[in-house]
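Asker: coords please:
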Amino acid sequence: MATMNRRPDLFLLNVAYDVTGVHGHVFFRDPPSTVLRQVIVRSTDTGNICEPAHGDTRTGWEPFLEETRWLIALTQPDTPEDRS
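Answerer: This is a model prediction of the structure:
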């Protein structure tokens, strides 16, 4: 895959925040392909994990994972009370 010169094209942001953190999925378009890239988001004791969908063996994931990290940081509630 060629190096991306622009930000990934967000298709769908489907995440939820609760007392355990964040969990959900983020989908991106990957032009010129018509197949979406799915990033799975989940929280652990040490922080948030963003990873490619299970079984997706394509390369070039870093721009999609980085964009997901930014989206989570921008949409995350400020306090634990805001999550419930």
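
Asker: When you work out contacts or count neighbours from here on, use the C-alpha atoms and nothing else.
Answerer: Noted.

Asker: Please state the offset of stretch 31-41 from the chain centre?
Answerer: Between the mean C-alpha point of stretch 31-41 and the mean C-alpha point of its chain there is a distance of 11 Å (Cα atoms, centre = their mean, to the nearest Å).

Asker: Over to stretch 68-75?
Answerer: Using Cα atoms, centre = their mean, we find the averaged C-alpha position of stretch 68-75 to lie 8 Å away from the chain's own average C-alpha position.

Asker: what residues does that stretch touch?
Answerer: Contacts of stretch 68-75 with the rest of the structure, by Cα atoms under 8 Å, 6 or more residues apart in numbering, involve V26, V39, C50.

Asker: in that stretch, what counts as buried?
Answerer: By neighbour count, with 16 or more other Cα atoms under 10 Å as the criterion, the buried positions of stretch 68-75 are T68, I72.

Asker: do the same with stretch 44-63
Answerer: Taking 16+ other Cα under 10 Å as the criterion, stretch 44-63 shows N48, I49, C50, E51, P52 as buried.

Asker: hang on, the earlier thing: let's see which of the contacts of stretch 68-75 end up in helices.
Answerer: With DSSP state H as the criterion, helices contain none of the contacts of stretch 68-75.
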